[in-house]
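> whatever this is, show me its structure:
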Amino acid sequence: AETLEYTVNVLCLFSRETELTVTRLPSSLSPALDLMRHGFLAKTPSRPSVAVSIKTLELLYRLRQRKASYSVEAFTKVLCDYYQVYALSRHLREIIGDTFEVYLRIIRHVDKLVHGTLGWDGPDWRPRNACRACCYVLENEPPLRFSRLYAMDGNNSLKRMATTADRTAADTRVLDDSTYFLSRQFVDQYANEIRGSPPPAEAVDGIEASAESADLRKKLLAQCVDNWKSAAKEESKRMWSIFDESGIFASACRHGLVLWIIDMVKSGELAKYPLATVAKVLDTIGQDTLGGYDIGCAFLSTIQRSSLAPTFAEKNGHFCVCAFHGYSHCHTCQMQFHPNNITGAGLEDLETMERIFSASNQLASVSRYASPYRRRLFLEAYFRQWDEDKALNTGTFILNNYKQATDVLEHDGEVLREAMVSLNITDADMDSWEQEELRFFARIGNEDEYDVHTVVYVELLQELRDLEPKRTQANTRFLHYTPSATEAGTSSYRKDLASTRRLESERRHANEQYERVSLDVCALEVEMGLTARWTPSTPQYMEALQYIKERKYHRALNKLQKLVTQRLFELHKLNVAQTGMLFSLQTRCKAIQHAVKTYNAAAASLSPPRPPLDWSRVASFNFLEEFTLLQDTRNDIRDKPWSKPAIREAMKLRHRLARAQEEVSRLNVEVRRLHTAICDEAILFDDVLRRLNSNNDPLLGATSDFITRRRKANDHLLTRIHQVYALRGYTGVKGPGTRLGGEARPPNKEYMPIIPELPNGLLAMPLKDDEDNEDDGDDIDALDGDEEQASMDSLVQFVSELALS
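Okay, here's the model as predicted:
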């Protein structure tokens, strides 16, 4: 074998080289390794003709991680500007795009090997352990009502165009080893398995379950879901056939770290996607979970009709609606499913997915026409960076939430105490009023069987009374009609014959209609046990008329509620809900104006009449609660204590204080979990680096680089942790603990720093070995002195073992 030299065209944004002379040694295994030693990477491993510098690819990688919409085409044009080459921009774009994919695959595989070296590669390790504040359970920590809070939702921005029928896809690869994506086969297990009717409603907060209350809950839940769907776009209900993947359905913990992602395939947000997510939650996370979903109230019924129902009940799973989406649900639903009213939810709004999708939508422009493999590769790279950012932000999350919760407890607590004194109410009063309100809303809108019969009976009497003069008039016209013609066959005779037949038909129809209604009236009188027919002066008749007016009032109110709710959410999506909302309602929605007029007419017909609505009141409604309070017409609730605005605000404030106290309790647990995980990681990192160095492992450079970045992130987190400990209202235990099932750790100031402002990080510890093993320490010092060269040598050795296809 001889030493060979060959020339390769290269692209480098930093040096603007155009050619590179590569020396191939007799011991060389591949041209790709020769290029790697010179800091370049090609898209083919055997006969490269063009290579791109690793620094250039690293720059593109960092740009894409921070600006997901930054395309390869835009980066190629930047290179063309530097090289002053414009005719070959399309060719260069293909080269950079293919080489960048190879770079991503290498980075991805190296990270997988590094995680394996650290022992972070078990089944579902990432969703079980990535969020240390959620997952790192300690011994003897205070119990939490919910072990983990998570959110899930669908998003249709990340669609991918399907291959047309007359074309064959060139890239048929499948990225099926991602820890983020659930496979289509797994998801399809939960397709078309929802059968039968929902299970019977259980008693809620002391309200006894019954057939009537179950039907009412079903109706109200359907109403609140319809209200939310009325504000949704058509893409959430159906999907065009031009797309293959029509979006993603994702889930994340409350700190923003992604749990799982599902590709929605040629469909909208079908039930199988959230069901598959819940199946993974039950299998991976376990007991006492609270999930937030925009239609969590109705989805809970879906779970109860699925194969997951026994496991979901056994593991005490719960669902609620997200805070913002919850305000589009009816008030009865909010009292049971809104996080503000759920014990143990804290101040969490569970709108995590909206924040994630707001950022990930940038990927749409670079993934719409990508192959399935590259689309998943880009999405995975983006969400890995997202998780790194959110893990780094966990300390700030805890600090800010702690400040918010203590501020609520301090300021709102004083406001509530003053309000209770001024209103002369107690906690026991508010407890009883909450139960009374629940019972009221459980009965509201309920129409018993007697009322139904009464309404139908009175309506039939009114119809019968209206038919009586028509019947008499038709009979009179027929009996008193005298034909003018006497001779058959004349035109006058034919005209009189037609008139006689028409009058006879009108008479017959009037008699038949009258007799039919009369028979219905008689049947209802027998059913209701009436011995005498009601007249307009009968008291029961007058009550029924009033009730019919109330039904018209309810219908007018429901229509107005639906229109205003839809418009409010449309305005909120445009961020104009607080900027000229009243003007927009008046000038841009004539349907609401007509609905208000109909409502005012129905309200005026009541006895006593309800006050009319004007635009100022409609615009100031607090979403749906005020609409619901208007629905009861039989019992005037304006005199009930819990319906008074001041008391209602006090009750809401008490709920918020309870949630704030729960938030403090959860944060006390989370900050100590995070602190313990950081300290345990420091010990793990020392052990792993010693082992790799002693074995001369090629992954030493990559692992050392990963640990260095992780330690710097932990330094930042420790600064935030100590800021939390220093808060005036902090009530938790300061310092790390012991992981549940782990070994007790003796105090050590090197990995349990007290002062968070130490230079170069709190946990950037020098590696120290035992005194009888001094050579290992010298080797590590040498590694620290020439870390870049060692990292490159390790990467070259790794690439030599990597098969590029």
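> for the protein, what are the low-confidence residue spans?
Low-confidence segments of the chain (pLDDT under 70): 1, 87-88, 164-169, 195-240, 441-451, 485-489, 558, 561-589, 615-638, 744-805.
> remind me, longest helix of this protein?
helix 645-694 (DSSP state H).
> which elements pack onto that helix?
Counting contacts by 3 or more CB pairs under 8 Å, 6 or more residues apart in numbering; DSSP states H and E, helix 645-694 is packed against helix 132-135, helix 394-407, helix 413-423, helix 427-443, helix 700-725, helix 774-785. C-betas here are computed from N, CA, C, even on glycine.
> how about those helices, which one is nearest residue 591?
When those are compared by CB to CB, helix 427-443 sits nearest residue 591, at 27.4 Å.
> elements contacting the closest one?
Helix 427-443 makes packing contacts with helix 211-230, helix 331-337, helix 645-694 when contacts are defined by 3+ CB pairs under 8 Å, 6+ apart.
> the last one to helix 427-443, inter-axis angle?
Interaxial angle of helix 645-694 relative to helix 427-443 (axes from the mean of the first three to the mean of the last three CA atoms, to 10 degrees): 90 degrees.
> ok, now which ones touch the residue nearest the centre of the chain?
When the chain is reduced to its mean C-alpha position, the nearest residue by CA atoms, centre = their mean turns out to be residue 153, at 3.4 Å. Applying CB atoms under 8 Å, 6 or more residues apart in numbering to residue 153 gives the contacts 249-250, 293-294, 322, 353-354, 357.
> before we move on, back to that, mind putting the helices and strands packed on helix 427-443 into TSV with mean neighbour count and distance to residue 452?
Listed next are the helices and strands packed on helix 427-443 as TSV, based on neighbours: other CB atoms under 10 Å; distance: least, CB to CB, whole Å:
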stretch	mean neighbour count	distance to residue 452
helix 211-230	17	13
helix 331-337	23	22
helix 645-694	20	33
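> could you dump the ones you listed into CSV and include distance to residue 382?
Listed next are the helices and strands packed on helix 427-443 as CSV, based on distance: least, CB to CB, whole Å:
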stretch, distance to residue 382
helix 211-230, 28
helix 331-337, 32
helix 645-694, 24
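> looking at those helices, which is closest to residue 110?
helix 645-694 (13.7 Å).
> circling back: what about the residue nearest to the centre of the chain, which SS state?
Three-state call for residue 153 (DSSP: H, G, I helix; E, B strand; the rest coil): strand.
> measure it to residue 458 for me?
48 Å (CB to CB, to the nearest Å).
> got it, and residue 669?
Separation of residue 669 from residue 458 (CB to CB) stands at 62 Å.
> go on, residue 428?
When residue 428 is compared with residue 458 (using CB to CB), they lie 44 Å apart.
> higher neighbour count, the two?
residue 458 (22 against 8; other CB atoms under 10 Å).
> so who does the more buried one touch?
Residue 458 makes contact with 534, 541, 544-545, 548 under the criterion CB under 8 Å, 6+ apart.
> which one of those is nearest to residue 560?
Using CB to CB, residue 548 is the member of those that lies nearest residue 560, at 19.1 Å.
> which non-adjacent residue is nearest the closest one?
Leaving out its chain neighbours, the residue that sits closest to residue 548 by CB to CB, 6 or more residues apart in numbering is residue 455, at 6.0 Å.
> how many other residues sit next to residue 170?
Residues near residue 170, counting by other CB under 10 Å, number 7.
> give me the nearest residue to residue 305, chain neighbours excluded.
Excluding the flanking residues, the one nearest residue 305 by CB to CB, 6+ apart is residue 194, at 5.2 Å.
> so for residue 19, which of the helices and strands packed on helix 645-694 sits nearest?
Evaluated over these, closeness to residue 19 peaks at helix 700-725, with 28.8 Å, by CB to CB.
> got the buried residues for stretch 363-380?
If you call a residue buried by 16 or more other CB atoms under 10 Å, then stretch 363-380 has these buried ones: 363-364, 366-367, 370-380.
> now swap in stretch 457-473 and tell me
Those would be 457-458, 460-462, 464, 467, 471, for stretch 457-473 by 16+ other CB under 10 Å.
> how about stretch 71-81?
Buried, per 16+ other CB under 10 Å, within stretch 71-81: 72, 75-76, 79-80.
> a markdown table please, covering those residues and showing distance to residue 338 and secondary structure.
Formatted as a markdown table, those follow (distance: CB to CB, whole Å; DSSP: H, G, I helix; E, B strand; the rest coil):
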| residue | distance to residue 338 | secondary structure |
| --- | --- | --- |
| 72 | 45 | helix |
| 75 | 46 | helix |
| 76 | 50 | helix |
| 79 | 53 | helix |
| 80 | 55 | helix |
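> please enumerate the helices of the stretch 501-650 of the chain.
Ranges of helices within the stretch 501-650 of the chain are 539-573, 581-588, 590-604, 615-619, 625-629, 645-694, based on DSSP state H, counting those that start in this stretch.
> could you export the ones you listed as JSON lines, including distance to residue 742?
Formatted as JSON lines, those follow (distance: least, CB to CB, whole Å):
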{"stretch": "helix 539-573", "distance to residue 742": "47"}
{"stretch": "helix 581-588", "distance to residue 742": "55"}
{"stretch": "helix 590-604", "distance to residue 742": "61"}
{"stretch": "helix 615-619", "distance to residue 742": "57"}
{"stretch": "helix 625-629", "distance to residue 742": "48"}
{"stretch": "helix 645-694", "distance to residue 742": "7"}
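> nearest to residue 392, out of these?
Comparing the helices of the stretch 501-650 of the chain under CB to CB, the one sitting nearest is helix 645-694, at 11.6 Å.
> can you state the direction angle for that closest one and helix 394-407?
Angle, helix 645-694 to helix 394-407, by the same axes, to 10 degrees: 160 degrees.
> tell me how far helix 645-694 lies from the chain's centre.
When distances are taken as CA atoms, centre = their mean, to the nearest Å, helix 645-694 is centred 22 Å away from the chain's centroid.
> quick one: contacts for the nearest residue to residue 540 once chain neighbours are set aside?
Excluding its sequence neighbours, the residue lying closest to residue 540 (CB to CB, 6+ apart) is residue 534, at 6.0 Å. With contacts defined as CB under 8 Å, 6+ apart, residue 534 is in contact with 457-458, 461, 540-541.
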